Structures are given as C-alpha cells and as structure tokens.
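Visitor: Quick one, fold the following:
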Amino acid sequence: MSDVVLRLQHVNKVFEQNTPRAVHVLHDIDLELRAGELTALIGPSGSGKSTLLNLMGLLDTPSSGELWVDGQATAQLDDAGRTRLRAHHIGFVFQFHHLIGAFNVLDNVLMPLMLQQGKPTSEQLEYALYLLNAVGLGNMERRSAKALSGGQQQRVAIARALVSRPALLLADEPTGNLDTQTAEEVFALFEQFNRETGCATLIVTHDPRLSNRCPRMIELLDGRVSG
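Guide: Numbers count the residues shown, from 1 in each chain. Below is the predicted model:
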C-alpha cells in the first residue's frame, strides 16, 4: 500500500472564474504528503496558503486538477462525500481553537465522533482520555472549556483533531496566538503525535523557529510551491 496520504496533481484555484474579475490564486500545484512526514508550509501573506489548506482539507474544491486523500480521488465527490472523507481521514487545528465554551473539555475532544456517530464507544472514550493525558490535561476532562488558558485550549484542540485517528493532520498557524514558551510546548506536541501516530502532518506557520524544526519545508510564493 502506498504511504502517500495526500496528493495534488495539476491543481489550480481561480476565484470568480470565467469573469472579468477572475483571480488565479494557485497555479498548477503538484504535491505529495506521506505518512509520518512533518512538514511546514511557509510563505508571505497573500501567497495562497489558506486557499491551499482549504483545498487539502476538502473545505473547498479546485478549479481544475485532482486531489487524492488516502488514495481516494475527490474531484467527482459531492458535498456529502467530501464531508465523509474529511471526517474520517483529516484532523484540523486552527489558530483559534473553536472550542464550545458551554461544554467540558472531554466533550469538546469527543465532538467530532459525536457528530459522526452519536455516542462514542468505550474504546473511543478511552482514547480521548489518553489524548488529554498526553497533552497534559489528564485531570481537567470535566472542567469547562471556557475556564482554560489559551495554551490549554489549544491543547484540547489538538486532542480533538486526533481523536478520530486521522491519516492527515492540518494545522493553520496553531501557535499564532500563543506566547513563545507555550508555542514551543504546543509545537512539541505536534512532533510527539507525528512520531506516535504516523499521520502526515502539515503545519502552516510564520515562525521560522518552528518551521526550521520540521524535516520538510514547502514554500508557497505567488501561488506556486517549492520544496
């Protein structure tokens, strides 16, 4: 079985295509992410990083080209098909944690599973508790999410992204709102889980101290990739 988790071939993204206002944001992207890789995606503001990440995460569709997730071609999938593939194979961590303040920490971690299937299994519950312990919050599972610090909330978001055991983990500026020490600790968690789970991990970051620690770096400039 191939260890390629994500593959983009000749992917273009044009907003307002076929109109006088058309903007060609991504140009003929060819890219592969493999199981176990820890990759940084860098580039200046406006280079197309967010657009590329949205395509990788099946939150948007290319204007042309093909994208495979875990061997599944996605160009012909409808919205429901993309949603199922995303739910089972992709985990997300964003700059803003997007936790539900009215829920406790454990329920926030379990949320992707509850949306997919309703009540989690005992094995899934055990894994969620393991993840909370791994991110240093093993004694806080019943605490309200809104009572946590920013760094703690981002740790919950990482556990939530991993609870479905995704093949691909996408992180968009996950340390952008954190102080230097907390950012280091959160990045160390990405390194740890990348080693332990073998999921392909892509981190968008403007922080060269973090990107330089990734074994692979992809640069996006004017909608074209290198690396």
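
Visitor: Report the contact partners of His10.
Guide: 28-30, 64-66 (CB atoms under 8 Å, 6 or more residues apart in numbering). C-betas here are computed from N, CA, C, even on glycine.

Visitor: typo on my end, it should be Asn212
Guide: By CB under 8 Å, 6+ apart, the neighbours of Asn212 are Ala40.

Visitor: Please name every helix or strand in contact with the strand or helix carrying Leu113.
Guide: If you go by DSSP states H and E, Leu113 is part of helix 105-117. Applying 3 or more CB pairs under 8 Å, 6 or more residues apart in numbering; DSSP states H and E, we find helix 105-117 packed against helix 79-89, helix 122-134, helix 150-162.

Visitor: one step back: which among the contacts of His10 gets closest to Gln17?
Guide: Ser64 (9.2 Å; CB to CB).

Visitor: From Arg224, how far out is Leu58?
Guide: Distance, Leu58 to Arg224, by CB to CB, to the nearest Å: 22 Å.

Visitor: out of these two, which sits in the busier spot?
Guide: Per other CB atoms under 10 Å, whichever of Leu58 and Arg224 has more neighbours is Leu58, with 22 against 14.

Visitor: just checking, what packs against the longest helix along the chain?
Guide: Determined from DSSP state H, the single longest helix within the chain is helix 180-197. Secondary-structure packing of helix 180-197 (3+ CB pairs under 8 Å, 6+ apart): strand 38-42, helix 122-134, helix 150-162, strand 168-172, strand 200-204.

Visitor: Is it possible to get TSV of those that adds mean pLDDT, mean neighbour count and distance to Ser211?
Guide: Compiled in TSV, the helices and strands packed on helix 180-197 are given as follows (pLDDT from 0 to 100; neighbours: other CB atoms under 10 Å; distance: least, CB to CB, whole Å):
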stretch	mean pLDDT	mean neighbour count	distance to Ser211
strand 38-42	95	22	4
helix 122-134	93	16	24
helix 150-162	90	23	18
strand 168-172	93	23	12
strand 200-204	94	25	8
